[in-house]
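Chemist: Following is a predicted model, sequence given first.
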Amino acid sequence: MRVVVTGGAGFVGSHLIERLLDLGCEVHCVDNLSTGLRENLAAWHDRGRFFFHFQDVREYLAFSGPLDAVVHLASPASPVDYMRLPVATLMGGALGTHRALGLARAKRARFLLASTSEVYGDPQRHPQPESYWGNVNPVGPRSVYDEAKRFAEALTMAYHRTHRVDTRIARIFNTYGPRMRAHDGRVISTFIRQALRGEPLTVAGDGRQTRSFCYVTDLVEGLVRLLRCDAPQAHAPVNLGNADEHTILNLAHAVARLAGSASSVAFVPLPGDDPHLRRPVLDRARQLLDWQPMVALEQGLLRTITWAAQAWPGFVDGAAAERHAA
Ligand code: NAD
Ligand code: UDP
């Protein structure tokens, strides 16, 4: 298969590309490096089947030759990033998704949109099945991301219905693992960085809000299965995540313990519109893809902490790293 992955220099994209290359695909990564890193891709340039295109996905996407699939991941994804890049996030979700769908249509390629659990907003239904329409504040601080993704889903369905593009929509829940940036602002990377430096872990609000965290290799397996799925109803959105739900305060204690850190907890103000609860219903993913997450939170956190202790040397307090290694 010849596949375009937009946003492939990012956290999820780089793991997906690694997997696609292992499966024998030729992969073209389109990325403007706004939140992604060149070093995420460095290992594959010598494999002959990997090509990097430094391009903004909001611009016209030109490719010669046939394509089998377009996987559209390009978008800032962490609240810190999308609040720093609000207009780019909205326009990426709108124009960028339009370009990526246009490319898939022109090439008669399958299209997969990386959507998000944020389409459910601050959910009034718990846990969240795909049939839930969500509770999003359209003018709140998170709306630039949430509405961009809701628009991207609507555009994807319009291309499916009107232009008969073979589309897939993955609603991805909070995902973590190696290659997260130390300062991406997401809760797991922040807590790990703080724990390894022996600094207080900044828990927002009272820490009773919940999230359900999926390890990145589990997510990638789900994405690959969805991309390969030929079932007639495969165009309808599918939740991909882990249903093991934790409070943020419990997560802080778990990260400190697993990192062997003496860090305390510091409570900081809860950001506006921060969702109170989040947990996926995974029945559809199980039935459609015969998929379920395999990596438990402790196991995934340990792998991520071990990676971060190596990859973020400038951020690690020597004593904490030694305690962790011990
Ligand atoms: P990331 O920030 O690490 O990666 C996003 C990539 O997209 C980066 O390489 C960035 O440079 C690129 N990009 C952004 N705007 C672009 C543009 N206009 N043109 C070209 N490239 C552009 O984020 P991630 O965590 O890897 O997320 C990847 C996708 O998965 C996103 O669409 C995100 O919304 C979705 N998602 C991720 C999570 C998660 O927990 N990681 C959860 C839900 C959804
Ligand atoms: N959070 C926190 N401390 C931090 C960063 C985030 O307590 O240093 C909280 C955040 O307010 C939210 C949860 O952790 O309740 C998950 O945040 P993240 O940005 O990782 O993901 P999202 O809110 O998009 O699910």
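Modeler: Received, thanks. Ligands and ions are numbered 1, 2, ... in the order given.

Chemist: Wasn't Ser115 part of a helix?
Modeler: No: counting by DSSP: H, G, I helix; E, B strand; the rest coil, Ser115 is located in no helix; its state is strand.

Chemist: from what I can see it touches Thr167, true?
Modeler: No: counting by CB atoms under 8 Å, Ser115 does not reach Thr167; the two are 11.1 Å apart. Bear in mind the C-beta positions are built from the backbone N, C-alpha and C, glycine included.

Chemist: any chance you could map the strands in the stretch 101-250 of the chain?
Modeler: For the stretch 101-250 of the chain, the strands defined by DSSP state E, counting those that start in this stretch cover 110-116, 167-172, 175-176, 201-204, 210-212, 214-215, 238-240, 245-247.

Chemist: Check which helices and strands the fifth one sits against.
Modeler: Helices and strands touching strand 210-212, as assessed by 3 or more CB pairs under 8 Å, 6 or more residues apart in numbering; DSSP states H and E, comprise strand 245-247, helix 248-258.

Chemist: what mean pLDDT does that strand have?
Modeler: Strand 210-212 shows a mean pLDDT of 98.

Chemist: residues in contact with the lengthiest helix in the chain?
Modeler: Within the chain, and with DSSP state H defining each element, the longest helix by residue count is helix 143-163. With contact meaning CB atoms under 8 Å, 6 or more residues apart in numbering, helix 143-163 is reached by 72, 75-77, 79, 82-83, 86-87, 89-90, 92-94, 97-98, 101, 104-105, 111, 113, 115-116, 118-119, 121, 134, 136-138, 165-167, 169, 235, 237.

Chemist: what about the nearest residue to Gly207 once chain neighbours are set aside, distance to ligand 2?
Modeler: Spatially, and ignoring its direct neighbours in sequence, Gly207 is nearest to Leu249 (3.0 Å; CB to CB, 6 or more residues apart in numbering). Computed as CB to the nearest ligand atom, to the nearest Å, the Leu249 to ligand 2 distance reads 8 Å.

Chemist: next one: Leu112
Modeler: Distance of Leu112 to ligand 2, given as CB to the nearest ligand atom: 21 Å.

Chemist: For Ala69, list each beta-bridge partner.
Modeler: Per DSSP bridges, the residues bridged to Ala69 are Val3, Arg110.

Chemist: and this structure, which residues reach ligand 2?
Modeler: 78-79, 174, 186-187, 190, 202-204, 209, 211, 248, 270-271, 274 (CB under 6 Å from any ligand atom).

Chemist: which of these count as buried?
Modeler: The neighbour-count test (16 or more other CB atoms under 10 Å) applied to the residues of the chain next to ligand 2 identifies Ser78, Pro79, Asn174, Arg186, Val187, Thr190, Val203, Ala204, Gln209, Arg211, Ile248 as buried.

Chemist: how about those in JSON lines, adding distance to ligand 1?
Modeler: Listed next are those as JSON lines, based on distance: CB to the nearest ligand atom, whole Å:
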{"residue": "Ser78", "distance to ligand 1": "6"}
{"residue": "Pro79", "distance to ligand 1": "11"}
{"residue": "Asn174", "distance to ligand 1": "5"}
{"residue": "Arg186", "distance to ligand 1": "7"}
{"residue": "Val187", "distance to ligand 1": "10"}
{"residue": "Thr190", "distance to ligand 1": "13"}
{"residue": "Val203", "distance to ligand 1": "19"}
{"residue": "Ala204", "distance to ligand 1": "17"}
{"residue": "Gln209", "distance to ligand 1": "16"}
{"residue": "Arg211", "distance to ligand 1": "9"}
{"residue": "Ile248", "distance to ligand 1": "15"}
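
Chemist: With adjacent residues omitted, what lies nearest to Ala104?
Modeler: Counting by CB to CB, 6+ apart, the residue nearest Ala104 is Phe111, at 3.8 Å.

Chemist: Number of residues surrounding that neighbour?
Modeler: Using other CB atoms under 10 Å, Phe111 has 27 other residues around it.

Chemist: same thing with the one 5 residues further on?
Modeler: Number of residues near Thr116 (other CB under 10 Å) recorded here: 23.

Chemist: mind listing what it touches?
Modeler: Ala77, Tyr145, Asp146, Lys149, Arg171, Ile172, Phe173.

Chemist: go on, Gly13?
Modeler: Going by CB under 8 Å, 6+ apart, the list of residues near Gly13 reads Val5, Thr6, Gly7, Cys29, Asp31, Gly36, Asn40, Leu73.

Chemist: Relative to Leu302, how far out is the first one?
Modeler: Look at Val5 and Leu302: by CB to CB, to the nearest Å, they are 28 Å apart.

Chemist: Neighbour count: those two, which is higher?
Modeler: For Val5 versus Leu302, neighbours defined as other CB under 10 Å are more numerous around Val5 (27 against 14).
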